[in-house]
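Chemist: Sequence and predicted structure are below.
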Amino acid sequence: MKRIPLLFLNVVIIATCGLIYELLAATVSSYVLGDSVTQFSLIIGIYLFAMGVGSWLSGFLEKDLATKFVDIELAVALIGGFSAPLLFLTFANVSYFAVILYSMVFIIGALVGLEIPLLMRILKDELDFKDLVSRVLALDYVGALVAALLFPIFLVPKLGLNRTSLLFGMLNAVVGLWGTWLLEPLIRRRLTVLRVKGFVVLVLLGIGFIKADSLTTMAEDALFPDQIVYAKSSPYQRIVVTRGKLGHSLFLNGNLQFNSFDEYRYHEALVHPAFAAFEGEPRRVLVLGGGDGLAVREILKYPSVESITLVDLDPLMTGLSKELPALAELNRNAMEDPRVSVINADAFVWLDDAKSPPFDIAIVDFPDPNNFALGKLYSTRFYKLLRERLQPEAAVVIQCTSPLYARKSFWSIIKTLEASGFTVKPFQTTVPSFGVWGYALAKMQPFERPTVPRTGVEFQFLTETSFASLFDFPADMAMPSEEIEINRLDNQALVRYYEVEWRRFE
């Protein structure tokens, strides 16, 4: 029969939509809650369990299977389609976001779990059971592969999470509406009602798709107190820039990266101690992270620097200066300097593969280790790879989160550097937007901590007095007496410390 191939096409669409909803929920939760490994694991586990519950529940449906199949498609379309916008809005406005998130994942999973068993039962009288099972399951996995490829490569970068969610809701609605014609001989009643419901759901999702930007703005307006002047999603993160009374602020996945009011304090402390500790004239500088160009701005103050290699995963981040004149003004067009080479790559992979000559200075400016993907960039393996890219006298500075708010996290990074063969001089300063912030100055040989910054460089914050005070640690930020674990790839102790310590302030 002609309708059989069309119903098999429905299987592919259903399977694609199902996995997209799962990926959307996991991505939204990792964006707003952090700890991507935990969030993806929880979402996948709950979703698969719910699909099992849905499959089991399908055994209780006896009559009007075609009608129930269409009803379920429209329910999946409505809940799955609006899932991403609803999750963003609820995160911004309620304190029990996790309950809503996991409940929504369970409901969508259960509805998706009902789809395939019902469709197989509808088709069982028209195909041999062996052929039916093999084809439906094979197409189900094909749909999953399509979703897994489309989601990171096309959907998130081009459409964003809200439009992706609404688009696949519309696909589910089309399958439901289309089903009222494909399965018309099996639908004994309510045919007109089903079609009207299908059109209404499709129209609602279509309106949502057209107004997706407004939905995103509503959610982000509730999250950020200042006016949003830039907001885009990359395959790696959500980038938002706001403008308020104190200037511009950059947020990655909702976490503040800098405020233009006081960012010079952070970046002067990040860059200049490494130059003060390096003996000789530094010529080759490596920057890992720091795609905003503000650390590069500080490095370019040294005329001896001949080349700066900046390695940052996200091309949207390293290209932000071109889209946002305020950032280009703040970093003094540093990213356009001919001495700067930008490489968009995972720093861990790049360090492992790089064949470049050794660097004199390295500035490591990654976001805080709030998930395992970032935690690997603070591990013994990463620091040993970094050593191999440095000349023996090289100096390194690494941002290490706050030694006041996350004391164990800070000292875990220091101990990890020492375990990787570095001699480390920890230091700290106050950045009003962040609070007290910590860094590590490291070299591969024993060295005395620098007492003054290099002369001939313009500073807004550092003086001889303030520079020397960077290395003073009050008692409440000193190394704890209890044992602090070293962060390794196989234990990710740092992420656990970070999660516990920063969660106290949420």
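Modeler: Sure thing, it's come through. Source: prediction; values computed, not measured.
Chemist: Which residue ranges of the stretch 301-450 of the chain form strands?
Modeler: Secondary structure of the stretch 301-450 of the chain (DSSP state E, counting those that start in this stretch): strands located at 307-311, 340-343, 359-365, 390-399, 423-431, 435-443.
Chemist: ranking the ones you listed by burial, who's on top?
Modeler: The highest mean neighbour count among these, using mean count of other Cβ atoms under 10 Å, belongs to strand 359-365: a mean of 24. C-beta here means a position set from N, CA and C on the backbone, and glycine is covered the same way.
Chemist: What strands line up against that one, and which way round?
Modeler: For strand 359-365, the pairing partners within the sheet under DSSP bridges are strand 284-289 (parallel), strand 390-399 (parallel).
Chemist: what packs against the lowest-mean-pLDDT helix or strand in the chain?
Modeler: Lowest on mean pLDDT, DSSP states H and E among the helices and strands of the chain sits helix 212-223, with a mean of 77. With contacts taken as 3 or more Cβ pairs under 8 Å, 6 or more residues apart in numbering; DSSP states H and E, helix 212-223 sits against helix 83-93, helix 160-182, strand 227-233.
Chemist: got the CA positions of that helix in PDB?
Modeler: Extracted in PDB, the C-alpha atoms of helix 212-223 (Å, rounded to 0.1, in the frame of the first residue of the first chain):
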ATOM      1  CA  ALA A 212      11.200  33.100  18.900                       C
ATOM      2  CA  ASP A 213      13.400  36.100  19.300                       C
ATOM      3  CA  SER A 214      10.800  37.800  21.500                       C
ATOM      4  CA  LEU A 215      10.600  34.700  23.700                       C
ATOM      5  CA  THR A 216      14.300  34.600  24.100                       C
ATOM      6  CA  THR A 217      14.400  38.300  24.900                       C
ATOM      7  CA  MET A 218      11.700  37.800  27.500                       C
ATOM      8  CA  ALA A 219      13.700  35.100  29.200                       C
ATOM      9  CA  GLU A 220      17.000  37.000  29.100                       C
ATOM     10  CA  ASP A 221      15.400  40.300  30.200                       C
ATOM     11  CA  ALA A 222      14.300  38.500  33.400                       C
ATOM     12  CA  LEU A 223      17.900  37.100  33.900                       C
END
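Chemist: report the longest helix in this protein, please.
Modeler: For the chain, the longest helix by residue count, based on DSSP state H, is helix 3-33.
Chemist: helices and strands around it, which ones?
Modeler: Applying 3+ Cβ pairs under 8 Å, 6+ apart, one finds that helix 3-33 contacts helix 36-58, helix 65-81, helix 83-93, helix 97-123, helix 129-150, helix 160-182.
Chemist: 6 Å - rerun?
Modeler: Packed against helix 3-33 by the contact rule (3 or more Cβ pairs under 6 Å, 6 or more residues apart in numbering; DSSP states H and E) you find helix 36-58, helix 83-93, helix 97-123, helix 129-150, helix 160-182.
Chemist: for the third one, which positions count as buried?
Modeler: Same thing as helix 97-123. Neighbour-count burial for helix 97-123 flags 97, 101-102, 104-123 (criterion: 16 or more other Cβ atoms under 10 Å).
Chemist: how far off helix 83-93 does it point, in degrees?
Modeler: If you take axes from the mean of the first three to the mean of the last three Cα atoms, to 10 degrees, helix 97-123 sits at 160 degrees to helix 83-93.
Chemist: Quick one: list the elements packing against helix 97-123.
Modeler: helix 3-33, helix 36-58, helix 65-81, helix 83-93.
Chemist: That one vs helix 129-150, what angle?
Modeler: In terms of direction (the same axes, to 10 degrees), helix 97-123 departs from helix 129-150 by 140 degrees.
Chemist: Tell me the gap between helix 97-123 and the middle of its chain.
Modeler: Here the centre of helix 97-123 is set off from its chain's centre by 26 Å, with Cα atoms, centre = their mean, to the nearest Å.
Chemist: Find the residue at the geometric middle of this protein.
Modeler: The centroid of the chain falls nearest to Gln237 when counting by Cα atoms, centre = their mean (4.0 Å).
Chemist: Quick check, that one in contact with Leu252.
Modeler: Yes: under the criterion of Cβ atoms under 6 Å, Gln237 makes contact with Leu252 at 5.0 Å.
Chemist: Report the contact partners of Tyr236.
Modeler: Contact partners of Tyr236, counting by Cβ atoms under 6 Å, 6 or more residues apart in numbering, are 313-314.
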